[in-house]
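*Asks:* build the 3D model from these lines:
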Amino acid sequence: MSDSATATLFPGFRHERRQVAAGVHINLRVGGSGPPLLMLHGHPQTHAIWHKVAPQLALSHTLVLCDLRGYGDSAKPAGGVDHASYAKRTMAADMLAVMEALGHARFDIIAHDRGARVAHRLAADHPQAVRRLVLLDVAPTLEMYEHTGEAFARAYWHWFFLIQPAPLPERLIEADPAAYVRDVMGRRSAGLAPFHPLALAEYQRCLAQPGSAHALCEDYRAAAGIDLDHDRADRAAGRMLEMPVLALWGEQGAVHRCFRPLEAWQRVARVVEGGPLRCGHYIAEEAPEALLERVLPFLAAQ
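*Replies:* Down below sits the predicted model:
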């Protein structure tokens, strides 16, 4: 494990590993003081995405920055036939176990991309644990799959590449993991300019670890299968998120171009506010000040 890069990005934060299931640990960093705030990253990244906003948030909150199962320095268990090891329900249970182990029975969440899908499931399955929820640059998974068109498929090609049967996508990613990170992230609207060199190096280091490519693919395979089953069951039962939700997305990104995110979240949550920010997909690294301007008042509300 390499801790020096993220230690530099998060001065004063302590580093931990918490076991959440047999053979499964979650890598995390904790800092700040105040009410607990769980922060979850997306693909193909790690908790390093939060380094630009963490100092300000840590003034008012105890931050828990986690690497999702399969990402960063967290465990990378093998996927099964139904990909349940990477179901968002399973990944959400990981995060709940981390927060409970740290003594936080109820907490807020800020989550981006894949992390936002984990956060959505955590809030749906464990509503008593989530006070307020901030979701960054996503629409609900079921909504996105049910309304996929050519423009979205071209922009989010990786959704359909990564779900191909193993080991095809794994083999291609493992041939040059650093190039995969550069290509996936650098071909978005802002290029590679927003990313701190230490953070970018962390994303590349972690994807090069044994099992990382498989875990990343399993995350997406679960999203195209078992996760949709869980989402459809919620819809059929009329279950909705009851806590306040803030949905923010980049006006230069595919989610803004291809979907109506606010309306989509209003179909699965009762109290939703939000809108686009002047940036692309990687909001916390492209527009940290704008993100903080929206998030801090939302979290401060009772």
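
*Asks:* wait, residue 182 touches residue 192, no?
*Replies:* Yes - between residue 182 and residue 192 there is a contact under C-beta atoms under 8 Å: 6.7 Å. Where you see a C-beta, it was placed from the backbone N, CA and C, and this is true even at glycine.

*Asks:* neighbour count winner among these two?
*Replies:* residue 182 (17 against 13; other C-beta atoms under 10 Å).

*Asks:* the host helix or strand of that one - what's its average pLDDT?
*Replies:* Following DSSP states H and E, the helix or strand that holds residue 182 is helix 177-186. Mean pLDDT, helix 177-186: 98.

*Asks:* ok, stretch 144-160 next?
*Replies:* Model confidence over stretch 144-160 averages 96 on the pLDDT scale.

*Asks:* list the buried residues for it?
*Replies:* 144, 152, 155, 156, 158, 159 (16 or more other C-beta atoms under 10 Å).

*Asks:* by contact count, what packs against the helix holding residue 182?
*Replies:* With contacts defined as 3 or more C-beta pairs under 8 Å, 6 or more residues apart in numbering; DSSP states H and E, helix 177-186 has these neighbours: helix 197-207.

*Asks:* right, and the helix or strand after the helix it packs on?
*Replies:* Next along from helix 197-207, by DSSP H and E: helix 212-223.

*Asks:* how far off centre is stretch 51-60?
*Replies:* On the basis of C-alpha atoms, centre = their mean, to the nearest Å, stretch 51-60 sits 18 Å off its chain's mean C-alpha point.

*Asks:* please apply the same query to stretch 283-302.
*Replies:* With C-alpha atoms, centre = their mean, you get 16 Å for stretch 283-302.

*Asks:* now stretch 207-214: mean pLDDT?
*Replies:* Stretch 207-214 carries an average pLDDT of 98.

*Asks:* same deal with stretch 85-102?
*Replies:* Stretch 85-102 carries an average pLDDT of 98.

*Asks:* quick one on the thing from earlier: farthest pair in the buried residues of stretch 144-160?
*Replies:* Farthest apart among the buried residues of stretch 144-160 by C-beta to C-beta are 144 and 158. That separation is 13.0 Å.

*Asks:* confidence score at residue 80?
*Replies:* In this model, residue 80 is scored at 88, pLDDT.

*Asks:* ok, it - contacts?
*Replies:* Listed by C-beta atoms under 8 Å, 6 or more residues apart in numbering, residue 80 has no contact partners.

*Asks:* just give me the neighbour total for residue 127.
*Replies:* Other residues lying near residue 127 total 14 when counted by other C-beta under 10 Å.

*Asks:* before we move on, which element is it in?
*Replies:* Going by DSSP H and E, residue 127 is not in any helix or strand.

*Asks:* please name the nearest non-neighbouring residue to it.
*Replies:* Closest residue in space to residue 127, ignoring its immediate chain neighbours: residue 242 at 5.6 Å, by C-beta to C-beta, 6 or more residues apart in numbering.

*Asks:* the one you found and residue 121, how far apart?
*Replies:* 15 Å (C-beta to C-beta, to the nearest Å).

*Asks:* so between the two, which is more surrounded?
*Replies:* residue 121 (23 against 14).

*Asks:* the more buried one reaches residue 230, doesn't it?
*Replies:* Yes - shown here, residue 121 and residue 230 form a contact pair, counting by C-beta under 8 Å, at 7.0 Å.

*Asks:* who touches both of those two?
*Replies:* In contact with both residue 121 and residue 230: 88, 89, using C-beta under 8 Å, 6+ apart.

*Asks:* next up, the contacts around the most centrally placed residue in the chain.
*Replies:* Nearest to the mean C-alpha position of the chain, by C-alpha atoms, centre = their mean, lies residue 115 at 1.7 Å. By C-beta under 8 Å, 6+ apart, residue 115 lies in contact with 39, 40, 41, 42, 68.

*Asks:* export those residues to TSV and append columns for secondary structure, pLDDT and distance to residue 102.
*Replies:* Shown next, in TSV, are the contacts of residue 115 (DSSP: H, G, I helix; E, B strand; the rest coil; pLDDT from 0 to 100; distance: C-beta to C-beta, whole Å):
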residue	secondary structure	pLDDT	distance to residue 102
39	strand	99	13
40	strand	99	15
41	coil	98	18
42	coil	98	22
68	coil	98	17
